[in-house]
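J.: Structure for this input, please:
(one chain, ligands or ions: 1)
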Amino acid sequence: SLSIGIVGLPNVGKSTLFNALTQNEALAANYPFATIEPNVGVVGVPDSRLPALAEMFDSAKTIPATVDFVDIAGIVSGASEGEGLGNQFLANIREADAICQVIRGFNDADVTHVAGGIEPARDIETINTELILADLQTLEKALPRLEKESKRNAKDKKAQETLAAAQAAQRVLNEGQSLSTGAAAAGIDLGLVRELNLLTAKPFLYVFNVESDELANPDVRAKLSELVAPNEAIFLDAKIEAELAELDEDEAAELMESMGQTESGLAQLARVGFDTLGLQTYLTAGPKETRAWTIPKGATAPEAAGAIHSDFQRGFIKAEIVSYDELMAAGSMQTARANGRVRMEGKEYVMQDGDVVEFRFNV
Ligand code: GDP
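T.: Model prediction:
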């Protein structure tokens, strides 16, 4: 599943947000929910299609797509030089598919800001600098090995290209640029250095933790959005997220509406995260369970089957598919079939978000 590492300066609301995301009572009641490690939370992605399908199919349970959130210890300025950005931090963050930077936008005299006042642009810069320095350290360690390998295998094109990509990455980072923004312009194929798990090569999500009365303020949003463009900024109030987590769905919707929010922080994070990483979901439904599965956009039907089990991909014959919207409009599978809305698709079919699927396969 999708994993998102949460980073940010101390006292910006990371733990508050992490706890809110992972202790969502409404979700916990309906969905399987687990904590693997104290700082890793597996969170079900809210998806209104699931309860609707579960009702239609009289499913015993619903299983949502999941996002793993990893709460990573606070970064302070200069952390990469000393103990601050320790091995555990690096191990945790390297495994994440995307990095979510939490930035403090709330003013509270009782909560110390490590760098003095509230200044989001400076804070983003500080975190980015630390991640760039961490990547430079990784490259410094790796380059001697890559040089040796390229000398030893003078005819190995891949070894030469990998070394060149690592050197080019080092130049980009030395100019103070992160790889996610600078690599393309420098013509670097980041796939060549994937094994190094460079942090700034990962997709970034930016969360502004702001006061609830500023959540819907278009001026505040525009000003902060500008700092992270072209990325889509996420706005939430971590303290409100914690309150939302304790409410049932209707109450939560009411509280959000009163603040001009249409989506919880978790829903925003999942949506932007799925989008940034090019992921989508398809659905399976039956009496046993209704379930959402995560696949890359552009995945074919056999690849989608592989998300359930590799045997399904290997033995794939065909898939019976109806789009969620058409199924709901029909009111039942039977009517959708009678109306010719249920299609038989083969190996070449490219999956669409919200496809409701039954696979046929050989075992
Ligand atoms: P972390 O160090 O980034 O994990 O920050 P914490 O989540 O521990 O939060 C630091 C302090 O800020 C705690 O006292 C929180 O209650 C408080 N805090 C977190 N989010 C908000 C917020 O949105 N508004 C206000 N006023 N305080 C917050």
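J.: alpha carbons only for contacts and neighbour counts from here, please
T.: Fine.
J.: Which helix or which strand is home to the nearest residue to Met333 once chain neighbours are set aside?
T.: Once flanking residues are discounted, Met333 sits nearest to Leu327: 6.5 Å by Cα to Cα, 6 or more residues apart in numbering. Assigned by DSSP states H and E, Leu327 belongs to helix 324-330.
J.: who's in contact with that helix?
T.: Residues outside helix 324-330 that contact it (Cα atoms under 8 Å, 6 or more residues apart in numbering): Arg49, Met333, Ala336, Arg341, Gly354, Asp355, Val356.
J.: Select from the residues you listed the one having the most neighbours.
T.: The most neighbours of any of the contacts of helix 324-330, using other Cα atoms under 10 Å, belong to Val356, which has 26 neighbours.
J.: Next up, phi/psi of that residue, please.
T.: phi -100, psi 120 (degrees, to the nearest 10).
J.: hey, what's it bridged with?
T.: Leu283, Val322 (DSSP bridges).
J.: What does the pLDDT read for it?
T.: At Val356, the pLDDT value in this model is 98.
J.: Give me the nearest residue to the residue minimising distance to the centre of the chain, chain neighbours excluded.
T.: Centroid-nearest residue in the chain, with Cα atoms, centre = their mean: Gly273, separated by 3.5 Å. Nearest non-adjacent residue to Gly273, counting by Cα to Cα, 6+ apart: Leu205, 7.1 Å away.
J.: so what strands line up beside the helix or strand harbouring that neighbour?
T.: Leu205 belongs to strand 204-209 when elements are defined using DSSP H and E. Strand 204-209 pairs in its sheet with strand 98-104 (parallel), strand 233-236 (parallel), by DSSP bridges.
J.: coming back round to it: looking at the contacts of helix 324-330, spot the one nearest Ile63.
T.: Closest approach between the contacts of helix 324-330 and Ile63, by Cα to Cα: Arg49, at 11.4 Å.
J.: what does this structure have sitting close to the ligand?
T.: Residues of the chain that fall close to the ligand, judged by Cα under 6 Å from any ligand atom: 10-16, 106, 108, 111, 209-211, 237-239.
J.: follow-up on the earlier one: which residues does the residue nearest to Gly273 form a beta bridge with?
T.: Going by DSSP bridges, Leu205 forms beta bridges with Cys100.
J.: Distance of the residue lying closest to Gln23 once chain neighbours are set aside relative to the ligand?
T.: Excluding the flanking residues, the one nearest Gln23 by Cα to Cα, 6+ apart is Ala245, at 6.5 Å. According to Cα to the nearest ligand atom, to the nearest Å, Ala245 and the ligand sit 14 Å apart.
J.: Quick check, Ala245 in contact with Leu17.
T.: No: taking contacts as Cα atoms under 8 Å, Ala245 lies outside contact range of Leu17: 10.3 Å.
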